[in-house]
Structure formats: structure tokens, C-alpha cells
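> Quick one: sequence plus predicted model below, questions after.
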Amino acid sequence: MNEKNDKMPTLPRQKTDKEFSVEDYSKKYNISERSAQRKIKELLNLNEIIFSKKIRQKKYYKKVITNDIQLNKFSKYQKSFLDNYIPNKTYLISKTECEKLLKIITPTHQVDLETYSVRIYERLIIDLSWASSALEGNTYSLLETEKLILENEIAKGKNNLETQMILNHKEAIKFLILNKKELTLSPSIIKSIHALLSENIIRNKSAQGAVRTIPVGITGTSYIPLAIPQLLEEEFDIFLKKASQIKNPIEQSFFILIFVSYIQFFEDLNKRTSRVSCNIPFVKNNLIPISFKDINKDSYVLALKNVYESNNVSGLKTLFINSIKKSAQDYSRIVSILITPSDIQIKYRDEIKSFVRDCVLGKTTSEELELSQFNLEVSKHILEEVQSELKSLHEGSLVRFGLKLSEFEHWKNNNKNQK
């Protein structure tokens with residue numbers, strides 16, 4: 001989807017082709033003069049432009065020259081980036097790679113959501129709250145984040161903004177989990193996520209969960225996001241429509257991550273909104289979510305800059321794929337140790353425990369169990385359960401069967417002698 005990196009058309013001609021004013025910049029990119037001033041200051045800091053010495057003393061910002069550096073043609077919003085994307089035909093991540101990644105985030109055990117969701121999502125709330133906040137410069141450690149979320153313990157030496165940022169992430173992620181069955185890529189869902197992330201952080205409360213009506217700039221990049229409110233609303237609708245049509249959850253997630261960040265629908269916190277929102281396909285489909293826990297901040301910033309300025313998604317794609325794989329590895333450990341009890345295990349749990357206890361106490365053996373009161377199919381499953389429990393029995397599990405350590409050791413020694 002990358003377009004050629006052609007040179008940007010020259011700015012309005014002044015005394016020379018290289019000079020332009022704040023007013024020129026404002027008109028060319030359809031932004032306010034205040035936003036133009038801020039953008040020019042950022043370009044100065046990046047050494048991409050310099051002051052015209054002839055007028056520096058009189059008009060601090062009024063005349064600057066480009067220092068022979070051409071601005072990238074993608075420094076302003078490229079509508080074609082979104083328009084050219086055709087769901088299920090265009091792929092930001094190759095179809096083959098999407099299918100591979102989908103396999104590794106699909107739980108391999110038949111586990112009911114209620115059985116493992118508490119463990120998986122409790123971990124996600126902690127990991128994603130910490131990682132996403134860290135990418136914004138938050139200095140809470142992972143352990144401090146865990147204590148704040150689980151025990152409401154505020155870490156010493158942290159400012160209120162850092163604490164609020166993590167608590168807001170917690171609420172936004174909980175919103176996804178609690179509304180799992182109703183999750184859709186609708187305006188209300190994305191706006192709700194932003195509103196929850198914005199609490200006590202965005203000063204203008206009317207901007208919390210609302211598509212912006214003012215121009216914004218992004219520090220450290222020459223990118224100028226779309227500034228016209230009506231067009232932003234239209235792009236928001238197009239984005240949601242296309243995102244909803246994407247069938248593969250991996251591609252859908254990456255699409256959300258890219259375009260919420262790129263289009264900058266909100267006054268602030270767009271990147272945070274993208275990182276939480278891109279988990280919608282995973283939560284909705286009972287897939288292992290992405291936490292962004294091992295992403296380096298500098299690499300992430302550089303990757304986003306490439307998206308902003310040249311619509312090049314390769315760097316962010318690499319980070320995204322690596323994070324998917326790491327999350328799958330981390331959360332699979334939780335999923336792999338949890339199973340959904342069978343009907344037999346639920347209905348005959350007392351009988352199974354009693355049989356195990358009798359075997360250890362020497363009253364019977366697994367080969368001589370009295371199972372005549374059960375039908376053949378039930379007997380088969382009960383015997384399998386008893387044998388499995390006996391095989392895995394250890395000191396820490398004795399309490400489940402009302403057994404003493406001495407009884408267990410006596411049974412274990414007898415088994416050794418018989419062998």
C-alpha cells in the first residue's frame with residue numbers, strides 16, 4: 001500500500017522559493033496559525049528548517065527557510081491510505097501470516113470462557129495497562145501496576161497523572177471484557193474506550209469520547225493529521241465500516257491499531273485508544289489478547305513515525321507480530337493448565353474422590369473397583385478419572401481426598417515394592 005515517496009509541491013512563493021511564513025504554512029495545511037507555529041517549532045527542533053537571519057530579530061516565527069530539505073509529501077493526511085484499503089482483499093499483514101498467527105492465539109484446549117477468563121483477563125488488565133502506559137512515558141513498574149490494580153496501592157514517588165493513566169487503562173480494558181458478547185466495531189464502543197482512557201486526563205470533558213473538532217499536531221513528526229471536523233466524521237464512519245468487514249481477527253486488530261493512530265480521531269490519547277481497541281477482535285472471539293508488554297518505546301515511536309510520514313507499516317507490523325507471539329506464549333501457559341470439567345467429573349466427583357481414597361487406603365485397587373451401579377460408558381470414564389488422579393497424586397493434593405501424608409507414603413511404598 002505504500003506510495004512513491006515523491007517530493008511535496010513547493011510552498012507559496014515569497015522573496016525566494018525557500019521562504020514561507022506561518023500564515024503560508026497555516027493556509028497550505030488548513031490548520032490554525034497557532035498549530036502552524038507549534039509545527040514550525042517542532043521542525044526547528046528537528047533541524048529540518050532554520051530561521052531567516054535577516055528578520056529573526058523582528059519576527060521570531062514569521063519567516064523561516066527550509067535549509068534545502070524537502071518536506072515529505074505524506075506530511076499531510078493521505079486520504080488514499082484508508083480509501084485504497086479493501087477489506088479481505090488488501091492485507092497489511094499477509095494472508096498466510098495472519099492464518100499462522102491466528103493458530104497460535106487460538107487456545108488449543110477446549111476451555112469454557114468462564115473457566116479461564118478470570119485468569120487471562122486479570123493478567124491482560126495488568127500487562128496492557130502497564131505496557132501501554134509505559135509507551136507513554138509512565139514510570140510505574142509492572143509490580144507497582146499490579147499492586148495498584150489489584151490492591152489499589154498507589155506507588156510512592158509517582159505523580160497523579162501516572163496513577164490515573166493506569167487506572168483509566170484498567171477501566172477501558174474491563175469495559176471490553178464485561179461487554180464481550182455485545183462488542184462491535186461501532187462508534188459507541190470506540191468512543192467509550194476513549195472516554196474511559198480520558199477521565200481526569202483530558203481537560204475538556206466534552207472532548208472525552210468525542211471525535212475532535214480542532215486541529216492537532218504530533219510531537220516529533222512532520223505529519224499533519226486531517227483537521228476538518230466534517231471530514232473526520234466521514235473518515236471515522238469509513239474506518240469503522242471497513243474494520244467491521246475484515247474477517248481475520250489478526251488483520252482486523254492491526255488495521256485498528258494503524259488507523260486509529262494515523263487518522264487521530266480524538267484530541268489526544270489516540271495511540272492508547274488504538275492499543276486497547278485493537279484487542280476487540282481477540283476478546284470477542286475468545287482468542288489470546290495482545291499486551292504490547294515487550295515493545296521498546298523508541299522502536300514503537302519510530303515505527304509510528306514511518307506510518308505517519310510515509311504510510312509505511314512494516315516497522316509497526318514487525319512489533320505487532322512479535323508482541324502477538326510473546327502474548328501467545330505468556331497466556332498459553334495459563335490456558336494450558338486449565339480445563340473445562342466434563343459432565344462425568346461434575347456429576348460423579350464425590351464417587352471419584354471416594355474411589356481414590358479407598359485405593360490409597362488399600363481397601364481396593366483401580367482394577368477391582370465396584371462399578372456395577374453405573375452403566376458401561378459412565379464406568380469407563382470414572383475408571384479413567386480414578387486412574388488419572390492416582391497417577392498424579394502428590395503431597396499437595398492429598399487434602400482433596402481427605403488423606404494424610406502417612407497414608408499416602410505407605411501406599412506409595414507399597415506400590416514401589418510391588419513393582
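The structure has been received and is ready for your questions.
> Any stretches of the stretch 201-350 of the chain with poor pLDDT?
Low-confidence segments of the stretch 201-350 of the chain (pLDDT under 70): 335-340.
> Apart from its chain neighbours, what residue comes closest to the residue nearest to the spatial centre of the chain?
In the chain, the residue lying closest to the centroid (CA atoms, centre = their mean) is Arg275, at 4.1 Å. Nearest non-adjacent residue to Arg275, counting by CB to CB, 6 or more residues apart in numbering: Ser132, 4.7 Å away. C-beta coordinates here come from the backbone N, C-alpha and C atoms, glycine included.
> before we move on, which element is that neighbour in?
helix 113-134 (DSSP states H and E).
> in the next helix or strand after that helix, what's buried?
Downstream of helix 113-134, the next assigned helix or strand under DSSP H and E is helix 142-151. Residues of helix 142-151 classed as buried: Glu144, Thr145, Glu146, Lys147, Leu148, Ile149 (neighbour count, 16 or more other CB atoms under 10 Å).
> which residues touch the residue nearest to the centre of the chain?
By CB atoms under 8 Å, 6 or more residues apart in numbering, the contact list for Arg275 reads Leu128, Ser132, Leu135, Leu257, Phe292.
> okay if I get those as JSON lines plus distance to Glu162 and neighbour count?
Shown next, in JSON lines, are the contacts of Arg275 (distance: CB to CB, whole Å; neighbours: other CB atoms under 10 Å):
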{"residue": "Leu128", "distance to Glu162": "16", "neighbour count": "26"}
{"residue": "Ser132", "distance to Glu162": "12", "neighbour count": "26"}
{"residue": "Leu135", "distance to Glu162": "13", "neighbour count": "18"}
{"residue": "Leu257", "distance to Glu162": "23", "neighbour count": "26"}
{"residue": "Phe292", "distance to Glu162": "17", "neighbour count": "23"}
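> Please save the CA atoms from the host helix or strand of Leu101 in CSV.
Take DSSP H and E as the rule and Leu101 turns out to sit in helix 95-104. The C-alpha coordinates for helix 95-104 follow below in CSV (Å, rounded to 0.1, in the frame of the first residue of the first chain):
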residue,chain,number,x,y,z
LYS,A,95,-3.0,-13.7,4.5
THR,A,96,-0.6,-16.6,5.2
GLU,A,97,1.0,-14.8,8.1
CYS,A,98,-2.5,-13.9,9.5
GLU,A,99,-3.5,-17.5,9.4
LYS,A,100,-0.3,-18.6,11.2
LEU,A,101,-0.8,-16.1,13.9
LEU,A,102,-4.4,-16.9,14.3
LYS,A,103,-3.5,-20.5,15.1
ILE,A,104,-1.1,-19.6,17.9
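> What are the contacting residues of that helix?
So helix 95-104 is contacted by Tyr91, Ile93, Asn248, Pro249, Ile250, Glu251, Leu287, Ile288, Ile321, Ile324, Lys325, Ala328 (CB under 8 Å, 6+ apart).
> For those residues, pick the one with the most neighbours.
Ile250 (27 neighbours; other CB atoms under 10 Å).
> so that residue touches Leu92, yeah?
No. The criterion here is CB atoms under 8 Å, and Ile250 misses it with Leu92 at 9.6 Å.
> For Ser32, which non-adjacent residue is closest in space?
Pro215 (5.9 Å).
> Pull up the gap between that neighbour and Ser35, please.
Note on Pro215: its distance to Ser35, by CB to CB, to the nearest Å, is 5 Å.
> Quick check on the two: which one has the bigger neighbour count.
Taking other CB under 10 Å, Pro215 and Ser35 do not tie; Pro215 has more neighbours (23 against 20).
> list the contacts for that one?
Asn30, Ile31, Ser32, Ser35, Ile224, Pro225, Ala227.
> Out of those residues, which end up buried?
Judged by 16+ other CB under 10 Å, buried ones among the contacts of Pro215: Ile31, Ser35, Ile224, Pro225, Ala227.
> Not counting its neighbours along the chain, what's nearest the fourth one?
Right, the one you point to is Pro225. Gln264 (4.0 Å).
> For that neighbour, give me its contacts.
Neighbours of Gln264 in contact, by CB under 8 Å, 6+ apart: Arg212, Val216, Ile218, Pro225, Leu226, Asn270.
> Let me have the residues you listed in JSON lines, adding distance to Gln164 and secondary structure as columns.
Putting these into JSON lines (distance: CB to CB, whole Å; DSSP: H, G, I helix; E, B strand; the rest coil) gives the following:
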{"residue": "Arg212", "distance to Gln164": "21", "secondary structure": "coil"}
{"residue": "Val216", "distance to Gln164": "21", "secondary structure": "coil"}
{"residue": "Ile218", "distance to Gln164": "22", "secondary structure": "coil"}
{"residue": "Pro225", "distance to Gln164": "25", "secondary structure": "coil"}
{"residue": "Leu226", "distance to Gln164": "29", "secondary structure": "coil"}
{"residue": "Asn270", "distance to Gln164": "18", "secondary structure": "helix"}
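> out of those residues, who's nearest Pro107?
Asn270 (31.1 Å; CB to CB).
> Isn't that closest one up against Phe259?
No. Under the criterion of CB under 8 Å, Asn270 makes no contact with Phe259, lying 10.1 Å away.
> what about these two, which has more around it?
Phe259 (24 against 21).
> how far out from the middle of the chain is the helix or strand Lys174 falls within?
Element membership for Lys174 (DSSP H and E) is helix 160-178. How far helix 160-178 lies from its chain's middle: 13 Å, per CA atoms, centre = their mean, to the nearest Å.
> Convert the C-alpha atoms of that helix to CSV, please.
The C-alpha coordinates for helix 160-178 follow below in CSV (Å, rounded to 0.1, in the frame of the first residue of the first chain):
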residue,chain,number,x,y,z
ASN,A,160,-1.3,11.6,40.0
LEU,A,161,-1.2,11.6,36.2
GLU,A,162,0.7,8.4,36.1
THR,A,163,-1.6,6.7,38.5
GLN,A,164,-4.7,8.0,36.7
MET,A,165,-3.4,6.8,33.4
ILE,A,166,-3.1,3.2,34.7
LEU,A,167,-6.5,3.2,36.4
ASN,A,168,-8.0,4.5,33.2
HIS,A,169,-6.5,1.7,31.2
LYS,A,170,-7.9,-0.8,33.8
GLU,A,171,-11.4,0.6,33.3
ALA,A,172,-11.1,0.6,29.5
ILE,A,173,-9.9,-3.0,29.3
LYS,A,174,-12.6,-4.1,31.8
PHE,A,175,-15.1,-2.4,29.6
LEU,A,176,-14.1,-4.8,26.7
ILE,A,177,-14.2,-7.8,28.9
LEU,A,178,-17.6,-7.1,30.6
